[in-house]
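Chemist: Build me a model from this:
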Amino acid sequence: MRRLLGALTVRGRSFVAAGFAAAACGLFIPEVDLLRIGCLLMALPLLSAAGAGRARYRLSCERRLVPPRLPAGQSSEQTIRLVNVSRLRTGLLLCEDTVPYALGSRPRFVIQGIGGGGRREFRYQLGSDTRGKYTIGPLQVRVADSFGLVSIMRAFSSTSTLTVTPRIIPLAQPPLAGNWLGDSEHGRRSIAASGEDDVAPRAYRTGDGLHRVHWRSTARHGELMVRREEQYWRNTASLFLDTRRSAYTDQLFELAVTATASIGVHLAGEGFDARFVTDAGEVPRQGAFRDTLLDTLAVIRQSRASSVGLGIEALSGASGQIVAVLGLMTDAEARELAAARRGTAPGLALLLLPTDRSWAARGAACAQIMTGAGWRVATVPDGARLPAAWRELNQAGAAMAFAGGATGAGGATGAGEATGAGEATGAGEATGAGGMTEAGEVSNA
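Modeler: Numbering: from 1, shown residues only. Predicted coordinates for the structure are as follows:
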């Protein structure tokens, strides 16, 4: 009985109250007709509640969310399809989907009825300016009677998951210098951008095209030699984010997450074989690097760690360039991180610091330590500064490569010629200069 009374709407409860009052007056006056009216008013909602409760509608719910992952500030479309799998026509259906507060208000839809085997579909837009992973659903359906006296709630079990990632800021397109991974005929191995013996011309094999014959090497070795122009290259990089609570203000931490997401998407778009590392260590990859990065950054929070030792340990064991997004660090931590860079692989650091003088002074000291260790460092006080700081790091790398005669971003031709000039002058051949045979030939010509 309590369950039936709980299913009554405001109108149904008003009917019950009015019927009770009429029946009471009919007893005290006494008036038989008034008593009969009171009993009828009380019985009608109760009979409607019993009938609605006995109705066994068989409905199925199908959900589709497109896209399931999107940057903050954009919107996704949720599609819900209700199918009546029974032969009976449903009554009035009041549908309400469960949506987290951060995604907006709960959408409501009214369906007049679904015939046997019929279906109804409705859509709505949702989105958030706050990153996170949100569960949408389940769908709640209220079954109402024709008089609006009873409303019985039923809920489905299916839900949808929306991942709101940090906002992506477009960055400069030229790739950065780094270590290459080659998939050659001799298997996969690390090759420095400045070149190794493995990139020299190899002996001719049956089936090789004559257009690949390297005539200068052929004349020197006395047998046909061909270029390795089919070798495929992939850049490697480690993306590091310091998440310690002591390193940022709340606003700057969100900027650090945005910067990390933007850099990671840029590296993935340039074909880098990258990995994501935080102060707690390397984040295990679940599928593609881009998906793993964005899913992790969508829910990442500031940590209470006191040092970045685990993250630096993970960086020290990897090859390739390092791109670090940092907050405030001590001099000892800056030296430890600077030492994680191996060989000639570049190290790039974005220091996110407020304009406060005390923070700026400590940040300048850290930048000086890392710059002295061969890193390129740029300070970012706000999101508008991020694209310009990224361009400065690229330009600084290109200038250093040109001045030092090293291969620049992605093994540029001019850098390879400079290297060849210093390493293979007597040979008259710069094939090994940067892994680009044709560039070496033009230089020697």
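Chemist: all contacts plus neighbour counts: C-alpha atoms, from now on.
Modeler: Will do.
Chemist: name the element residue 235 belongs to?
Modeler: According to DSSP states H and E, residue 235 maps onto strand 232-241.
Chemist: Name the residues of the helix or strand following that strand that are buried.
Modeler: Sequence order places helix 250-269 as the next helix or strand after strand 232-241, per DSSP H and E. Neighbour-count burial for helix 250-269 flags 252-267 (criterion: 16 or more other Cα atoms under 10 Å).
Chemist: cool, and stretch 291-301?
Modeler: 291, 292, 293, 294, 295, 296, 297, 298.
Chemist: What of stretch 309-316?
Modeler: Result for stretch 309-316 [16+ other Cα under 10 Å]: buried residues 309, 311, 312, 313, 314, 315.
Chemist: secondary structure element for the second one?
Modeler: Secondary structure from DSSP H and E places residue 311 in helix 309-316.
Chemist: Contacts for that helix next, please.
Modeler: Residues external to helix 309-316 that are found in contact with it (Cα atoms under 8 Å, 6 or more residues apart in numbering): 238, 240, 277-282, 322, 336-337, 340-342.
Chemist: same deal with stretch 42-50?
Modeler: Residues contacting stretch 42-50 (Cα under 8 Å, 6+ apart): 4-5, 7-8, 12-13, 15-20, 145, 149-151.
Chemist: now that stretch, how far from the centre of its chain.
Modeler: 53 Å (Cα atoms, centre = their mean, to the nearest Å).
Chemist: same thing with stretch 342-352?
Modeler: 23 Å.
Chemist: where does residue 145 sit relative to residue 300, distance-wise?
Modeler: Per Cα to Cα, to the nearest Å, residue 145 is found 47 Å from residue 300.
Chemist: again with residue 131
Modeler: Distance from residue 131 to residue 300, by Cα to Cα: 9 Å.
Chemist: Tell me where the model's unsure across the stretch 201-350 of the chain.
Modeler: Scanning the stretch 201-350 of the chain for pLDDT under 70 picks out the ranges 228-234.
Chemist: For residue 36, grab the count of nearby residues.
Modeler: For residue 36, the neighbour count with other Cα atoms under 10 Å is 14.
Chemist: Tabulate the buried residues of stretch 309-316 (JSON lines), appending distance to residue 65.
Modeler: Below are the buried residues of stretch 309-316 laid out as JSON lines (distance: Cα to Cα, whole Å):
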{"residue": "309", "distance to residue 65": "40"}
{"residue": "311", "distance to residue 65": "36"}
{"residue": "312", "distance to residue 65": "39"}
{"residue": "313", "distance to residue 65": "40"}
{"residue": "314", "distance to residue 65": "36"}
{"residue": "315", "distance to residue 65": "37"}
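Chemist: Go through those residues and say which is closest to residue 108.
Modeler: Among those, residue 311 lies closest to residue 108 (Cα to Cα), at 47.2 Å.
Chemist: hey, where'd the helices end up in the chain?
Modeler: 2-6, 10-28, 32-54, 215-221, 250-269, 289-299, 309-316, 331-338, 357-372, 386-404, 413-423, 437-444 (DSSP state H).
Chemist: so can I have a markdown table of those helices showing distance to residue 66?
Modeler: Shown next, in a markdown table, are these (distance: least, Cα to Cα, whole Å):
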| stretch | distance to residue 66 |
| --- | --- |
| helix 2-6 | 37 |
| helix 10-28 | 38 |
| helix 32-54 | 35 |
| helix 215-221 | 56 |
| helix 250-269 | 20 |
| helix 289-299 | 16 |
| helix 309-316 | 35 |
| helix 331-338 | 41 |
| helix 357-372 | 43 |
| helix 386-404 | 29 |
| helix 413-423 | 43 |
| helix 437-444 | 46 |
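Chemist: nearest to residue 160, of those helices?
Modeler: The nearest among the helices of the chain, by Cα to Cα, is helix 289-299 at 15.5 Å.
Chemist: which secondary structure elements does the closest one contact?
Modeler: strand 132-136, strand 160-165, helix 250-269, strand 273-278 (3 or more Cα pairs under 8 Å, 6 or more residues apart in numbering; DSSP states H and E).
Chemist: Between strand 132-136 and it, find me the angle.
Modeler: 80 degrees (axes from the mean of the first three to the mean of the last three Cα atoms, to 10 degrees).
Chemist: Residues in contact with helix 289-299: which ones?
Modeler: With contacts defined as Cα under 8 Å, 6+ apart, helix 289-299 is touched by 131-133, 163-166, 257, 261, 264-265, 268, 273-276, 285-286.
Chemist: again with stretch 112-120
Modeler: 81-93, 111.
Chemist: Only alpha carbons, please: show it as CSV.
Modeler: Extracted in CSV, the C-alpha atoms of stretch 112-120 (Å, rounded to 0.1, in the frame of the first residue of the first chain):
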residue,chain,number,x,y,z
GLN,A,112,3.0,9.6,-26.0
GLY,A,113,3.3,5.8,-26.4
ILE,A,114,5.1,3.1,-28.3
GLY,A,115,3.2,0.5,-30.2
GLY,A,116,4.1,-3.2,-30.1
GLY,A,117,7.5,-3.7,-31.8
GLY,A,118,7.9,0.1,-32.3
ARG,A,119,10.7,2.3,-31.3
ARG,A,120,11.4,5.9,-30.4
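Chemist: So which bits of stretch 216-230 are buried?
Modeler: Buried positions in stretch 216-230, judged by neighbour count with 16+ other Cα under 10 Å: 217, 218, 224, 225, 226, 227, 228.
Chemist: For the residue nearest to residue 102 when sequence neighbours are not counted, give me its contacts.
Modeler: Nearest non-adjacent residue to residue 102, counting by Cα to Cα, 6 or more residues apart in numbering: residue 128, 6.3 Å away. Residues counted as contacts of residue 128 (Cα under 8 Å, 6+ apart) are 72, 73, 74, 75, 102, 103, 104, 164.
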